[in-house]
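Asker: structure for this input, please:
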Amino acid sequence: MLTKAEAREKAQRNWAMWRLLLSDMNITYSDLDKMSPEDLAEANAALDIHIELIEKQKKK
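Answerer: Here you go, the predicted model:
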């Protein structure tokens, strides 16, 4: 069993995946498991763009 510190370290290493899973993108763990590292990077970039657009709209 992982210690809390080990689990945190592992989560940080896999943050690109966990970030998408925890977002409101309705993506599943199974979806993420099928994605390549390049797909994960692109999906995270798209999420960043989405968040930026929402923040811009809030400022208006």
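Asker: now do the helices in the chain.
Answerer: Along the chain, counting by DSSP state H, helices occupy 4-13, 15-22, 29-34, 37-59.
Asker: pull out the buried positions in the third one.
Answerer: Within helix 29-34, the residues that count as buried by 16 or more other Cβ atoms under 10 Å are Leu32. C-beta here means a position set from N, CA and C on the backbone, and glycine is covered the same way.
Asker: return it as PDB; C-alpha atoms alone will do.
Answerer: Written as PDB, here are the backbone C-alpha positions of helix 29-34 (Å, rounded to 0.1, in the frame of the first residue of the first chain):
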ATOM      1  CA  TYR A  29     -10.600   7.000 -16.600                       C
ATOM      2  CA  SER A  30     -11.100   4.500 -19.400                       C
ATOM      3  CA  ASP A  31     -11.000   7.300 -22.000                       C
ATOM      4  CA  LEU A  32      -7.800   8.600 -20.400                       C
ATOM      5  CA  ASP A  33      -6.200   5.200 -20.300                       C
ATOM      6  CA  LYS A  34      -6.600   4.900 -24.100                       C
END
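Asker: can you give the contact residues for that helix?
Answerer: The contact list for helix 29-34, computed with Cβ atoms under 8 Å, 6 or more residues apart in numbering, reads 17, 20-21, 40.
Asker: could you redo the last one with a cut-off of 6 Å?
Answerer: Met17 (Cβ atoms under 6 Å, 6 or more residues apart in numbering).
Asker: for it, what is the distance to the chain centroid?
Answerer: With Cα atoms, centre = their mean, to the nearest Å as the basis, helix 29-34 stands 12 Å off its chain's centre.
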